[in-house]
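S.K.: What would the 3D arrangement of this be:
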Amino acid sequence: MGHFKAIIGQSPALDSLIRSARMVAATDVTVLLTGETGTGKEVFANAIQKSSNRADKPFITLNCAALPESLIESELFGHRKGSFTGASASTQGLFQAADGGTLFLDEINSLSVSIQAKLLRFLESGECLAVGDLKPYNVDVRIIAATNSDLNKLVLAGGFRRDLYYRLNVVPLELPPLTQRSEDIEHLITHFLQIMAETYSLNAPKFSKQSLKILKDYPWPGNIRELRNVCERLSILLAGKTIEPENLPHEFVASSAMPKASDFTLPERGIQLDSLEANLIHQALNRTQGNRSKSAKLLGISRDTLLYRMQKHGFTTATH
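M.R.: So this is what the prediction gives:
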């Protein structure tokens, strides 16, 4: 199970996720990786596959958003010669190529409803049907899927099949955003600077204490991918130097200039703390369309604390 050691970080959020992923890896169960863009879903899929009993079998990745709908069915399931214009030979799809191994379907929320039906058929029976063929074929493939969208919301909106969602959601693993792993940021920076130094044969730069503090306080909308890109850029432009705040991209400096919660000044005439709290909870729920977990993150409290305070202020807790 040493393949998870390649995942950098020691935060409690990451630790708990790795423990769950290790248990999942030992089985053949379908896995759904959820989380914001750039949180490392493909890295986790890789670690699960390498720690599974399919480690020596094919591991094939498809980004479902990268191909037009007309091509994705043929890419996944294969096609028969003459089944469409330009199909001059029968071609096997990724399911056949991954037979015995693992197929990682990234951005699965992008699949059309008709292809969702074919994927559901495979998950229920192991059967696939090539484009233009009448006879199905069977393969033994483990599915790991990933999405940065809320599939439950897509189901409610009619964009994703409920039955497929339940089939994929056997073991959901939610990857935490980098803001929930701030204690890992320094470890990740060290790791990425070392990689860039080796890749470009340059001396790694160093971050001053003030620069590191700015990086730790930054909201990281692009998560680990954004952090890696910043490390790569600075490794090339400032090789061997000490990076001060003024050397950081402007969005970091702008973010550090924003007022923090601790900068809030109590007005001279005072405030109504209860109504302010109720108002902030209301705003958070509106912004997240009623998602209590995301609202709790916005408010910097636990989900249970949010539920308690919602009840205290008379909010309904029956939804989401």
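
S.K.: pLDDT below threshold where in the stretch 151-300 of the chain?
M.R.: 255-264 (pLDDT under 70).

S.K.: That one: helices as residue ranges?
M.R.: 151-156, 162-168, 185-200, 209-217, 223-237, 250-257, 273-287, 292-299 (DSSP state H, counting those that start in this stretch).

S.K.: Mind putting the ones you listed into CSV with distance to Leu17?
M.R.: C-betas here are computed from N, CA, C, even on glycine. Rendered in CSV, the data for the helices of the stretch 151-300 of the chain read as follows (distance: least, C-beta to C-beta, whole Å):
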stretch, distance to Leu17
helix 151-156, 18
helix 162-168, 18
helix 185-200, 15
helix 209-217, 20
helix 223-237, 13
helix 250-257, 26
helix 273-287, 24
helix 292-299, 15
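
S.K.: Could you point out which of these sits nearest Ser125?
M.R.: Closest to Ser125 of the helices of the stretch 151-300 of the chain, according to C-beta to C-beta: helix 162-168, at 11.5 Å.

S.K.: CA atoms only for that closest one, dumped as PDB, please.
M.R.: Below are the C-alpha coordinates for helix 162-168, written out as PDB (Å, rounded to 0.1, in the frame of the first residue of the first chain):
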ATOM      1  CA  ARG A 162     -30.400   8.600 -10.900                       C
ATOM      2  CA  ASP A 163     -29.800   4.800 -11.300                       C
ATOM      3  CA  LEU A 164     -26.300   5.400 -12.700                       C
ATOM      4  CA  TYR A 165     -25.500   7.900  -9.900                       C
ATOM      5  CA  TYR A 166     -26.400   5.200  -7.300                       C
ATOM      6  CA  ARG A 167     -24.300   2.700  -9.200                       C
ATOM      7  CA  LEU A 168     -21.200   5.000  -9.300                       C
END
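
S.K.: That one: which residues count as buried?
M.R.: Buried residues in helix 162-168, counting neighbours by 16 or more other C-beta atoms under 10 Å, are found at 164-165, 167-168.

S.K.: Just want the most central residue of the chain.
M.R.: Using C-alpha atoms, centre = their mean, the residue of the chain that lies closest to the mean C-alpha position is Gly35, 3.3 Å off.

S.K.: Can you name the residues that contact that one?
M.R.: 41, 148, 174-177 (C-beta atoms under 8 Å, 6 or more residues apart in numbering).

S.K.: Mind checking which of those are buried?
M.R.: Of the contacts of Gly35, these count as buried by 16+ other C-beta under 10 Å: 41, 148, 175-177.
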